[in-house]
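Asks: Kindly return the folded structure for what I paste below:
(4 chains, ligands or ions: 4)
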Amino acid sequence: MQDSIETSQAVLRPPDQAGVAEPPGESPGSQTPMIVFDDVTKVYEPSVVALEGASFTIETGEFAFLVGASGSGKSTLLRLILKELEPTSGRVIVGGRELGRLKKKLIPKLRRNVGCVFQDYKLLPRHTAYENVAYALKVQGIPRREIRQRVPEVLSMVGLAKKMSSFPTELSGGEQQRVSVARAVVNGPPLLICDEPTGNLDPDTSVGIMQLLYRINMLGTTVLMATHDREMVDKMRRRVIALERGQVVRDERRGGYRAIEE
Amino acid sequence: MQDSIETSQAVLRPPDQAGVAEPPGESPGSQTPMIVFDDVTKVYEPSVVALEGASFTIETGEFAFLVGASGSGKSTLLRLILKELEPTSGRVIVGGRELGRLKKKLIPKLRRNVGCVFQDYKLLPRHTAYENVAYALKVQGIPRREIRQRVPEVLSMVGLAKKMSSFPTELSGGEQQRVSVARAVVNGPPLLICDEPTGNLDPDTSVGIMQLLYRINMLGTTVLMATHDREMVDKMRRRVIALERGQVVRDERRGGYRAIEE
Amino acid sequence: MRTKLFFSEAFRSLSGNISTTVAATLTVLIGMFLLGMFIALGSWVLSWSDQVEGQLEVRVFFEQDATPNQINRVGDQLVALPQAESIAFVSSADALDRMEQEFPELVANLSSNPLPDAFEIKPGSASDVEVIAAALEPVPPGVESVTFPREVTERVREVASVIEFVFLAAAVILLIASTILIANTIRLSIFARRREIEVMKLVGASNWFVRGPFMLEGLICGLLGSISAIVLLFLGREFALPKLIPPAIGGDSGVSAWSFELVALIILGVGLLLGAAGAGITLRRFLRV
Amino acid sequence: MRTKLFFSEAFRSLSGNISTTVAATLTVLIGMFLLGMFIALGSWVLSWSDQVEGQLEVRVFFEQDATPNQINRVGDQLVALPQAESIAFVSSADALDRMEQEFPELVANLSSNPLPDAFEIKPGSASDVEVIAAALEPVPPGVESVTFPREVTERVREVASVIEFVFLAAAVILLIASTILIANTIRLSIFARRREIEVMKLVGASNWFVRGPFMLEGLICGLLGSISAIVLLFLGREFALPKLIPPAIGGDSGVSAWSFELVALIILGVGLLLGAAGAGITLRRFLRV
Ligand SMILES: Nc1ncnc2c1ncn2[C@@H]1O[C@H](COP(=O)(O)OP(=O)(O)OP(=O)(O)O)[C@@H](O)[C@H]1O
Ligand SMILES: Nc1ncnc2c1ncn2[C@@H]1O[C@H](COP(=O)(O)OP(=O)(O)OP(=O)(O)O)[C@@H](O)[C@H]1O
Ligand SMILES: [Mg+2]
Ligand SMILES: [Mg+2]
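Replies: Ligands and ions are numbered 1, 2, ... in the order given. A predicted model of the protein is given here:
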């Protein structure tokens, strides 16, 4: 019933370096940071302070975890990167472009260059697993032939080769989550943001997904991942940004889920 | 921003023993099992075998974990208990009543006696957190005065005292999940089924929720919980039913997340 | 208690749901407005065609030597006919006066009055014409001939029946159309909330507990829509019509639409019924969880 | 390529969405059916009132001693009038023949023919009556008098204008109502899918990429609805009408509705436009993600 997660590396593509990753008018040698948060505050009307003065920089090619208690502002931070929300104050810069100044017309282009695994999956209910993943390619005008090849590859990678023609309502929670992962990575975006991509997965499947993200990162994609999986964070020893009540309280190069003083 | 999880035991109520827990015409002394699965098979049209010959019995007052890989049939099993689905073959008996023979009219009564935390929360989008929890009491005709007292208590217990008047779209993923937990436990049902109630919660909040479920179990409520939280299962050492491709492959009185031979 | 709950749920739902509420109300409004307009118009046209029919005449001409006695007997006979709405006696002298006005040259040359005495009978409706004529068959003594505009009568009767038919058919079609449209809108608005209904059922709500607020909501939409339609019709009647229709026709005595109150009542009833029943029936499909 | 994608998305959406598709199509169907019925009925009634108006006559009576020359000159003058639809010359002998049939006693006593020669002119419409009469002012030599049914003309003109107004107003109201209803339904059906639109935008779809399939869907609903309405109207005209309307009226030569093709074309155009534009405009609200 469940496919094993394939590990063929062939289908993973290096990110499209002509995308937002490349700021205009700068030499390819000196990489601009992928994400810059500059004193960003987000207040939901009327008075919920979800983020408060968050400042950090994520370099191109980094792999960073975002941790914090439930309600600490992780999803809010990620949604700012997609320009799904506007910050109340401060600047968000993605791939060298300040999002506050990004023209409305260019928002779709930004989003095509930022793969996103949503906490609530956000699958299209009237599209099958295959079509959901294909949609992310169709919006870019990728030729049909290429879509027909890439989508099954990616779905096999997340262990859903046999569920391609199932609709979201016919998939288990974890299967839906994996479709969301597949959709985020299918077009090899330079930046990948994942909001708890393993929350509904058993430990084994989680490890498979993490390996996939790891490999994608190795090929040059910047990955920012919000998670509650303590074990995973502790094992990976990557950069950890910790939020507490909307404030960045810890930012370590090779951190664990908890601060060391604990 | 986040409330600490209260531990006041006063608000927890022992389950209503006059509910489905009590089979008609049997002496109160000899407890009937709470849940009996008798060779249950569930095939989704046209040919997805989600459960295959599952048989087990859960006694009244037990605390049992349901584990298994993503797509192994956990949610399907739990949905059968709520009579949200009908088994393709086999019998499901809850509180002594065979669900296949339950009259349509009595389904609401069954569901009022089975608290359920849904994997996808299933909150009413046009109702606030408070109203979502209150709805589970209103359907029972509980007086308004009592609702006004109980709902805030339960929401405090899950750490959402300050989010009572927020709508689901204004809550973080973990907060929505906790509202779902609060709704499931608010009327002290004799049976509580939880489908990954901590999937979107950080470890600390998860522990708080687990403690809550544990206390509720201590007061006599039967709890059946599907989960991927290996640590939790290993620490609790309670009954573990493991599913694999729809089949019960392990059923241990004091098990861990993995089988011992592994 | 329960009722209070229903109301509070229905109002929450209405306000949380402005978009669908407005849509449903608007649909009721339009359906009921068209229906009301049609009923008013139709009843006016019917009354007008009635009046036109009433202007047809049956004439009874007497022989030159008919006795007053004979004339009176025919007169009594006519008065006894319920179909005869008005009866006028036109003496031969009156007839000559009329002719003199029309053709002065003609009358100037006459040596004697060639015109007979006559009765002119106006029937209640076109179909009464022949009944009256038949009542004078065989012609009573002293009567020379009974004439009536056979062709015109036929014609008026046909036109009237066509008009009646067209308006009846149109009203029925409009009623059916309104019903479908309103049920349709309610169905869509409930369809948009089927997940919500599913959740309600899963946490133990009985069918009636789910249905109550939805039906109340339908009732409220029906009420709002109907009342708006009535207000619109009223405004149209009071302000738009008088300016647009020449008073000569608008003020025609004898021609009148059904009373506005009656039309309003019909609209209100239909609107409420469609709103509530529409919601109740549509829900059935979604309650099977 | 892009177009193909749009089509496949639109069809998927239509079939995955039967409930809302049917609702939207049904709304277009009803709106267009009512509109079509009204246009057909309206144009028929207008043509009928035209015909009734055309039966009004202007009569030109000549003096007893009018010369053929004078009569011809007036005849030429009348022929030159575009408002005169038909012109008939009724000689004094013809007039006497007519009268003899109506009042044989009268004519029997006449020593000479007192009736003058005359022209009977049928105007194109009621308002032309006075134009024709005015053209003969001052009366040409040899003409005794020009008469026309002043009161009846006035009356017919008023009735015709009321009928014209009522049908025009009703058609406009129906058009507005259809527009609102269809926009409404489309709004509801899109509202039910706003989450879907949000997701599309979040994975990088441009506004037009989202809008395309929805508009195509609206177009298809408009097409299906309009065609069904046309078929229904056609069936109604072919099978229902002939059975219900007496042939005497239905077959009236001279009275005719607009051609069915024209009505069908109007319906089709309006339906398609409303479907596509409705979807496009409604979407704007939900594309701001
Ligand atoms: N639309 C909104 N309106 C008002 N408050 C909101 C809204 N969205 C989120 N919040 C609040 O902002 C805070 C941060 O939410 P966010 O979703 O960023 O948390 P999170 O870190 O992702 O939590 P979780 O781990 O539970 O997903 C929470 O307290 C939440 O209630
Ligand atoms: N409505 C449906 N129609 C067809 N197949 C379904 C349907 N619902 C679930 N399935 C399939 O049945 C299997 C079991 O699903 P179920 O939701 O019970 O898994 P699960 O154990 O809860 O998984 P997870 O941990 O990911 O939530 C899966 O393979 C799923 O794809
Ligand atoms: Mg979150
Ligand atoms: Mg599940």
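Asks: where does the residue in the stretch 101-250 of chain A that chain C sits nearest to land in three-state SS?
Replies: Among residues of the stretch 101-250 of chain A, the one nearest chain C by Cβ to the nearest Cβ turns out to be A:Pro125. It sits 9.9 Å away. Quick note: C-beta positions are derived from backbone N, CA and C, even for glycine. At A:Pro125 the chain is in coil, as set by DSSP: H, G, I helix; E, B strand; the rest coil.
Asks: how about the nearest residue to it once chain neighbours are set aside, what does it touch?
Replies: Closest residue in space to A:Pro125, ignoring its immediate chain neighbours: A:Pro168 at 5.6 Å, by Cβ to Cβ, 6 or more residues apart in numbering or on different chains. Neighbour list for A:Pro168: A:Tyr121, A:Leu123, A:Leu124, A:Pro125, A:His127, A:Ala129, A:Asn132, A:Gln176, A:Val179 [criterion: Cβ atoms under 8 Å, 6 or more residues apart in numbering or on different chains].
Asks: What confidence value was assigned to A:Pro168?
Replies: A:Pro168 carries a pLDDT value of 94.
Asks: Please list all residues in contact with the residue of the stretch 101-250 of chain A closest to chain C.
Replies: With contact taken as Cβ under 8 Å, 6+ apart, A:Pro125 is in contact with A:Phe167, A:Pro168, A:Thr169, D:Glu196.
Asks: With A:Glu244 instead?
Replies: With contact set as Cβ under 8 Å, 6+ apart, A:Glu244 has these partners: A:Gly68, A:Ala69, A:Ser72.
Asks: Go ahead and build a PyMOL selection from the buried members of these.
Replies: Here the buried members of the contacts of A:Glu244 are turned into a PyMOL selection, burial being counted by 16 or more other Cβ atoms under 10 Å in any protein chain shown:
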select buried, chain A and resi 68+69+72
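Asks: Figure out how far the lowest-mean-pLDDT helix or strand in chain A is from the centre of its chain.
Replies: The least trusted helix or strand in chain A, going by mean pLDDT, DSSP states H and E, turns out to be helix A:230-236, with a mean of 89. Centroid separation between helix A:230-236 and its chain, computed with Cα atoms, centre = their mean, to the nearest Å, is 18 Å.
Asks: Just the C-alphas of that helix, formatted as PDB.
Replies: In PDB, the C-alpha atoms belonging to helix A:230-236 read as follows (Å, rounded to 0.1, in the frame of the first residue of the first chain):
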ATOM      1  CA  ARG A 230      13.200  17.700  18.200                       C
ATOM      2  CA  GLU A 231      15.000  14.500  17.200                       C
ATOM      3  CA  MET A 232      15.500  15.600  13.700                       C
ATOM      4  CA  VAL A 233      16.900  19.100  14.600                       C
ATOM      5  CA  ASP A 234      19.200  17.600  17.200                       C
ATOM      6  CA  LYS A 235      20.500  15.000  14.700                       C
ATOM      7  CA  MET A 236      21.100  17.300  11.800                       C
END
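Asks: Mind listing what's buried along that helix?
Replies: With burial defined by 16+ other Cβ under 10 Å, the residues of helix A:230-236 counted as buried are A:Arg230, A:Met232, A:Val233, A:Met236.
Asks: and the residue in the stretch 151-289 of chain C that chain D sits nearest to, how many residues sit next to it?
Replies: Going by Cβ to the nearest Cβ, chain D is nearest to C:Ala192 of the stretch 151-289 of chain C, at 3.7 Å. Neighbourhood size, C:Ala192 [other Cβ atoms under 10 Å in any protein chain shown]: 22.
Asks: That one contacts D:Ala192, doesn't it?
Replies: Yes - using Cβ atoms under 8 Å, C:Ala192 and D:Ala192 qualify as a contacting pair, with a distance of 3.7 Å.
Asks: anything in contact with each of these two?
Replies: Contacts common to C:Ala192 and D:Ala192, judged by Cβ under 8 Å, 6+ apart, are absent.
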